[in-house]
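Enquirer: Next input, structure requested:
(chains A and B)
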Amino acid sequence: KAGVTQTPRYLIKTRGQQVTLSCSPISGHRSVSWYQQTPGQGLQFLFEYFSETQRNKGNFPGRFSGRQFSNSRSEMNVSTLELGDSALYLCASRDSTATYNEQFFGPGTRLTVL
Amino acid sequence: GEDVEQSLFLSVREGDSSVINCTYTDSSSTYLYWYKQEPGAGLQLLTYIFSNMDMKQDQRLTVLLNKKDKHLSLRIADTQTGDSAIYFCAETNTGNQFYFGTGTSLTVIP
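Expert: Next comes the predicted model:
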């Protein structure tokens, strides 16, 4: 099976702009989670989607939003970008029926806000 | 949310053992995980342990869990230069939301 893919891999935006990141999960996986990774902060959970519904949400402002399509592909959107939004955004998919809940991560999208 | 803490850096000599430590606060954890992240890549699951286990061994990797102290460790025997990476511990209770540590950057000195 193909792994989790994320597009684009790199993105440069300026403050105030908005951005949309895309994630295609492993075929058959219905759960998609998004994380923000910054140095010293580790991975911060953004949200999880399952069958097109947001099932969990982390502690991020409303500028961060997401959605999931019927084919399980997911997008996340960040509006009114701030310098502090510069980070690696990771998407992970999992088969929620698996015993130990293994998440499979994509390579990430590196967002730089200038 | 739950807290998961790790030291940021660890440096070892090639051939020595590495021990990466992690503490967490969630007393309802069901699964705990160790992930490895190499430069430019996403996270890769190395191993996991169910919360009712004390130890799990998988080739060069040994995971120890002290549930009373909420302490998890990963020991890598005979550490190689290819083991240089960032290692994350993570835990979940419901299986729907995962909490990750800050990551420990392991440097292996030849």
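Enquirer: Provide the strand pairings for the helix-or-strand element of chain B with minimal mean pLDDT, with the direction of each partner.
Expert: The weakest-scoring helix or strand in chain B, judged by mean pLDDT, DSSP states H and E, is strand B:98-100 (a mean of 89). On the basis of DSSP bridges, the sheet neighbours of strand B:98-100 come out as strand B:85-92 (antiparallel).
Enquirer: Now the element after the least confident helix or strand of chain B, going C-ward?
Expert: Scanning forward in sequence from strand B:98-100, with DSSP states H and E defining helices and strands, the next element found is strand B:104-109.
Enquirer: ok, now which ones touch the nearest residue to B:Thr25 once chain neighbours are set aside?
Expert: What sits nearest to B:Thr25 in space, not counting adjacent residues and going by C-beta to C-beta, 6 or more residues apart in numbering or on different chains, is B:Asp3, at 4.6 Å. For every residue, glycine as well, the C-beta is placed using N, CA and C. B:Asp3 sits next to B:24-25, B:99 when contact means C-beta atoms under 8 Å, 6 or more residues apart in numbering or on different chains.
Enquirer: Which residues of chain B lie near chain A?
Expert: With C-beta under 8 Å from any C-beta of the partner chain as the criterion, chain B meets chain A at residues B:1, B:4, B:6, B:8, B:31, B:35, B:40-45, B:48, B:50, B:88, B:90, B:92, B:95-103.
Enquirer: Show me how to select, in ChimeraX, the buried members of the residues you listed.
Expert: To isolate the buried members of these in ChimeraX, using 16 or more other C-beta atoms under 10 Å in any protein chain shown:
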select /B:4,6,31,35,42,43,48,88,90,92,97,98,99,100,101,102,103
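Enquirer: measure A:Glu82 to chain B for me?
Expert: Here A:Glu82 is placed at a distance of 21 Å from chain B (C-beta to the nearest C-beta, to the nearest Å).
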